[in-house]
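Enquirer: Got a sequence here, can you build the structure:
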Amino acid sequence: MFLDESPIGIFDSGVGGLSVLREIRTQLPTESILYLADQGHVPYGSRKLKEVQIFSEEITRFLLGRGAKLIVVACNTASAAALQHLRQTFPMTVFVGMEPAVKPAAESTHTGIVGVLATPATFQGKLYASVVERFANGVTILQDTCPGLVTQIEKGGLDSHTTREILERALHPMLEKGIDTVVLGCTHYPFVIPMIRQITGPDVRVIDPAPAVARQTIRLLDTAGLRNKDSSSGGMKFFTSGNEEQFNTQLTRLLGVTGKSRQIKWVKNKIV
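Expert: Have a look, this model is predicted:
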């Protein structure tokens, strides 16, 4: 049985989900959080969907085993590949997933042309196709997978020449075709919003999905009666399947948090 003081579990293939954690922390400061970065398998975007399902299921078991009352799948690729599978496998668990923000983009565009930046697995998933079919009628959607961008962000290259080249290759053709909105379909990408805005200029809206995910987390916690009623600030625990020191450096750079993560290891698709 979950208690309201139980933590929220959040996971991603790497540091991208920290953009979601940051917003949840802003809107829900009293909640405790468990965050797992599966950096040993990053990036998820180029992996087979079944493989991402296996990783996501085991990570969910890990977080539930540490008392998580709700799981945020803070990864667009994992949401596309595994969210339905997770809900079937853990029917008593509340999940919040990532959905590309095509609906608000389609509702607000003036030119009728919207750019979406996401990983190949997200574009190939049924979730993305469903969102486009339901909400993008009459709107032209331009897509780019931004090869190498997740890797650059994982390395800390938020303002590197290589990162700019990747974004320019993606955005310049879209700008030439008249986009006025860019949807960020990967949780890593909000960390390079300043560079995206340098390239697009002030007239192009950039949609970060994290605030909407935080609001949905609040709604589901309230519906289940699981919002933490304590007025003190909740704690955070971090886990990574990659290099602890590198992840700790990223925590400081991306969140301003001086934290110590715990390393986990994969053995035959099980976390030990």
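Enquirer: how about the CA coordinates for the worst-scoring helix or strand of the chain on mean pLDDT, as PDB?
Expert: Of the helices and strands making up the chain, the lowest-confidence element is helix 120-124, at a mean of 88, by mean pLDDT, DSSP states H and E. What follows is helix 120-124, C-alpha atoms only, in PDB (Å, rounded to 0.1, in the frame of the first residue of the first chain):
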ATOM      1  CA  PRO A 120      13.600   7.700 -34.500                       C
ATOM      2  CA  ALA A 121      11.800   5.400 -32.000                       C
ATOM      3  CA  THR A 122       9.400   8.100 -31.000                       C
ATOM      4  CA  PHE A 123       8.500   8.900 -34.600                       C
ATOM      5  CA  GLN A 124       8.000   5.200 -35.300                       C
END
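Enquirer: In terms of pLDDT, where does residue 2 sit?
Expert: Here the pLDDT value assigned to residue 2 is 65.
Enquirer: same check, this time on residue 5
Expert: What the model reports as pLDDT for residue 5 is 87.
Enquirer: Could you list the low-confidence segments of the chain?
Expert: Counting by pLDDT under 70, the chain contains low-confidence ranges at 1-2.
Enquirer: Quick one: the strands in it, in order.
Expert: With DSSP state E, the ranges of strands along the chain come out as 8-12, 33-37, 70-73, 95-96, 113-118, 140-144, 181-185, 205-207, 236-240, 262-263, 266-267, 270-271.
Enquirer: of all those strands, which lies closest to residue 217?
Expert: Among the strands of the chain, the nearest to residue 217 by C-beta to C-beta is strand 95-96 (5.2 Å). Glycine gets a C-beta too; all of them are placed from N, C-alpha and C.
Enquirer: who does the closest one touch, helix- and strand-wise?
Expert: strand 70-73, helix 76-89, helix 210-224 (3 or more C-beta pairs under 8 Å, 6 or more residues apart in numbering; DSSP states H and E).
Enquirer: Between those, which one is closest to residue 262.
Expert: Once the helices and strands packed on strand 95-96 are compared by C-beta to C-beta, strand 70-73 is nearest, at 18.4 Å.
Enquirer: Give the partner strands of that closest one in its sheet and their orientations.
Expert: strand 8-12 (parallel), strand 95-96 (parallel) (DSSP bridges).
Enquirer: so which of those strands is the most packed in?
Expert: strand 8-12 (a mean of 27; mean count of other C-beta atoms under 10 Å).
Enquirer: now that one against helix 76-89, angle please.
Expert: 130 degrees (axes from the mean of the first three to the mean of the last three C-alpha atoms, to 10 degrees).
Enquirer: What are the contacting residues of strand 8-12?
Expert: Residues outside strand 8-12 that contact it (C-beta atoms under 8 Å, 6 or more residues apart in numbering) are 17-18, 20-21, 24, 28, 31-38, 56, 59-60, 63-64, 66, 68-75, 78, 187, 217, 221.
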